[in-house]
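Asker: Give the three-dimensional model of this entry:
(one chain, ligands or ions: 1)
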Amino acid sequence: MRPVPNGLADIPADQATVRRSNLSLVLRHLREHGPQSRSAVAAATGLNKTTVTSLVGELRARGLIRENGPQHAGAVGRPGLALTLDGTRVGALGLEINVDYIAAFATDLGGRVLIDRRVGFDAMGCDPERSLDELARLAREALAELGLLGIHVAGITVAVPGLIDGANGVVHVAPNLGWYGVPVAERLSWDVAPTIPVTVVNDANLAALAEFTSGVAAGTTDLVYLTGEVGVGGGIIAGGRLLGGADGFAGEVGHVMVDSAGERCGCGRTGCWETKVGLAALVRMVTPDHAYGVPDGIVRDPEERLAEIERRQAEGDPQVVHALAEVGRWLGLGSATLVRLFNPRVIVVGGYFARLSEHLLPRAQAELTRLGVTGTVAHCTFVASDLGFGAASRGAAGVVVDRVLADPTAIEILPPEMSTISGA
Ligand SMILES: [Zn+2]
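Answerer: Just a heads-up that it's a prediction; the model follows:
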């Protein structure tokens, strides 16, 4: 087989940047607007037809687009043939590790869901090595399935509830997992996929991106996302962009102190917001014998715990009714600060907050009104996410797709015989 050119090595750096940006422009255009002819792409993007033809040739060679409609020998390039995003060859894998589960979510480039899986797992009761073993096992399983589907995985992003060094994929601290300085990216690369780029991102930030692109409030340019897990994380979309902060640590709302006389938090401080509204707080109030961190040898998926709480709520169990009212009140109280700081149009709640939204959100909304932060001046409403506990892993896969759309040269040019097959 002759060597496959990498496409950009032979041209100067500034031209390579322009070329990459134009490849991205054409690919995004086809993803957003569906199949169209070369002329239509040229008209919409402002690129000339010769450039479009050249870009299309390269995107085809990378297996990212194909041509629809009847194709006869020698007819390639004939006006009228519809170009379309070829989502079927390139895939993205999102993984998530949380306190009581691990999850995998994979899509192809066109957004078709290929894998959506969650497995109950007691990460709180395991050391990081054991947790990473389990995450690696799930990753290998997912990659094997994607391999059988003929999918080339462009990248893996791992969602972790903690503070992460995005440059090297090391988790500085994930208090509820008990992780300090854990090199997640290096470990997965070494153990699972040496040739696939692995990145690690805060779970709530990923979930916020998933909400912004495909959730109930999709397209709302100013929104706050709150994860209701054992811990509570936040992701802030301001002006249509995720707020990262100087170190990428913005949105750590769960560890904002709301009660100086409150409970000890997993982070070592006292009275953090998540000690009032995290799932661990609710479970501690309603099932103290099965609280998180109390070993009883049983791994409970969050859905199981919530099913019990819902059942008892429906029976009018006063302990549960009171606990839900308290969580709802504190949810509103903490959110009032976020509304004052970020003036979001909506606060999307995910995880268990969404599952129990009918019991939590009316109280939380009333608290915002009582505190005078919403009403005639600012309008902000709570809405429940419909992405469930999968929001972060979905967002993780989305980040990989975005990276390919931003830089299609990240996908290698196929050997000639394969690009012919994919273009047929
Ligand atoms: Zn804390």
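
Asker: What's the separation between residue 47 and residue 93?
Answerer: According to CB to CB, to the nearest Å, residue 47 and residue 93 sit 32 Å apart. Heads up, the C-betas are built off the backbone N, CA and C, glycines and all.

Asker: Among those two, which residue is more densely surrounded?
Answerer: A direct count of neighbours by other CB atoms under 10 Å for residue 47 and residue 93 places residue 93 higher, at 29 against 19.

Asker: Now the more buried one. Its backbone dihedrals?
Answerer: phi -120, psi 120 (degrees, to the nearest 10).

Asker: so it touches residue 151, yeah?
Answerer: No. With contact defined as CB atoms under 8 Å, residue 93 does not reach residue 151; the gap is 9.2 Å.

Asker: shared neighbours, these two?
Answerer: Shared contacts of residue 93 and residue 151 (CB atoms under 8 Å, 6 or more residues apart in numbering): residue 106.

Asker: For residue 34, report the pLDDT, please.
Answerer: The score at residue 34 is 88. That number is its pLDDT.

Asker: so what's it closest to, chain neighbours aside?
Answerer: Using CB to CB, 6 or more residues apart in numbering and skipping the chain neighbours, the partner closest in space to residue 34 is residue 84 (7.3 Å).

Asker: same check, this time on residue 399
Answerer: Leaving aside its chain neighbours, residue 399 sits nearest to residue 157 (4.7 Å; criterion: CB to CB, 6+ apart).

Asker: Kindly report the same for residue 191.
Answerer: In space, and not counting its chain neighbours, residue 191 is closest to residue 136: 4.7 Å by CB to CB, 6+ apart.

Asker: hey, where'd the helices end up in the protein?
Answerer: 13-33, 38-45, 49-61, 128-148, 184-191, 203-214, 274-277, 279-286, 302-314, 318-342, 352-355, 357-370, 391-406, 416-423 (DSSP state H).

Asker: low-scoring pLDDT stretches of the stretch 151-300 of the chain, where are they?
Answerer: Residues of the stretch 151-300 of the chain that meet the criterion pLDDT under 70 lie in 293-300.

Asker: for the ion, what are the nearby residues on it?
Answerer: 255, 265, 267, 269, 272 (CB under 5 Å from the ion).

Asker: Quick one: residues contacting the second one.
Answerer: With contact taken as CB under 8 Å, 6+ apart, residue 265 is in contact with 175, 255, 271, 272, 274, 275.

Asker: Counting neighbours, which of those residues comes out on top?
Answerer: Sorting the contacts of residue 265 by how many neighbours each has (other CB under 10 Å) puts residue 274 first, at 30 neighbours.

Asker: just checking, it touches residue 231?
Answerer: Yes. Using CB under 8 Å, residue 274 is in contact with residue 231, at 5.1 Å.

Asker: quick revisit: ok, which pair from the contacts of residue 265 is furthest apart?
Answerer: Using CB to CB, the contacts of residue 265 span at most 14.4 Å, a distance reached by 175 and 271.

Asker: Residue ranges of each domain in this protein, please.
Answerer: Taking the TED database as the reference, the chain has its domains at 16-72, 90-206+391-409, 217-386.

Asker: Single out the most deeply packed of those.
Answerer: Mean neighbour count (mean count of other CB atoms under 10 Å) peaks for domain 90-206+391-409 among these, with a mean of 21.

Asker: Quick check: the residue of the stretch 51-200 of the chain nearest the ion.
Answerer: Proximity of the stretch 51-200 of the chain to the ion (CB to the ion) peaks at residue 175, 6.4 Å away.

Asker: So that residue is in contact with residue 264, correct?
Answerer: No. With contact defined as CB under 8 Å, residue 175 does not count as touching residue 264 (11.2 Å).

Asker: on that earlier part again, redo the contacts of residue 265 as a markdown table? Include distance to residue 116.
Answerer: Output for those, formatted as a markdown table (distance: CB to CB, whole Å):
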| residue | distance to residue 116 |
| --- | --- |
| 175 | 28 |
| 255 | 30 |
| 271 | 37 |
| 272 | 31 |
| 274 | 27 |
| 275 | 31 |
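
Asker: Against residue 55, how distant is residue 64?
Answerer: Taking CB to CB as the measure, residue 64 falls 11 Å from residue 55.

Asker: Let me fix that, I meant to ask about residue 228.
Answerer: On the measure of CB to CB, residue 228 and residue 55 end up 44 Å apart.

Asker: what sits against the residue nearest to residue 399?
Answerer: Contacts for residue 157 (CB under 8 Å, 6+ apart) come out as 92-95, 198-201, 206, 396-397, 399-400.

Asker: what's the closest non-adjacent residue to residue 408?
Answerer: residue 23 is the one closest to residue 408 (CB to CB, 6+ apart), at 4.4 Å.

Asker: Tell me the spacing between the one you found and the ion.
Answerer: In this view, residue 23 and the ion are 44 Å apart by CB to the ion, to the nearest Å.

Asker: cool, residue 357 as well?
Answerer: From residue 357 to the ion the distance is 24 Å (CB to the ion).

Asker: Residue 413 now?
Answerer: Distance of residue 413 to the ion, computed by CB to the ion: 48 Å.

Asker: swap in residue 13?
Answerer: With distances taken as CB to the ion, residue 13 is found 45 Å from the ion.

Asker: okay, that residue: pLDDT?
Answerer: We have a pLDDT of 74 for residue 13.

Asker: what's around it, how many residues?
Answerer: The burial count for residue 13: 8, using other CB under 10 Å.

Asker: List the contacts of residue 50.
Answerer: By CB under 8 Å, 6+ apart, the contact list for residue 50 is empty.

Asker: quick one: contacts for residue 210?
Answerer: Contacts of residue 210 by CB under 8 Å, 6+ apart are 387, 391, 392, 394, 395, 398.

Asker: Could you check how far residue 55 is from residue 47?
Answerer: 7 Å.

Asker: Pull up the overlap in contacts between those two.
Answerer: Common neighbours of residue 55 and residue 47 (criterion: CB under 8 Å, 6+ apart): 22, 26.

Asker: Which residue lies closest in space to residue 113, excluding its sequence neighbours?
Answerer: Residue 113 sits nearest to residue 107 (CB to CB, 6+ apart), 5.5 Å away.

Asker: Is the one you found bridged to anything, and to what?
Answerer: The partner list for residue 107 in beta bridges (DSSP bridges) reads residue 92, residue 113.

Asker: just the one 10 residues further on next, same as before
Answerer: When assigned by DSSP bridges, residue 117 has beta-bridge partners residue 104.

Asker: where's it relative to residue 104, distance?
Answerer: Residue 117 is 5 Å from residue 104, where distance means CB to CB.

Asker: cool, and residue 168?
Answerer: To residue 104, residue 168 is 23 Å away according to CB to CB.
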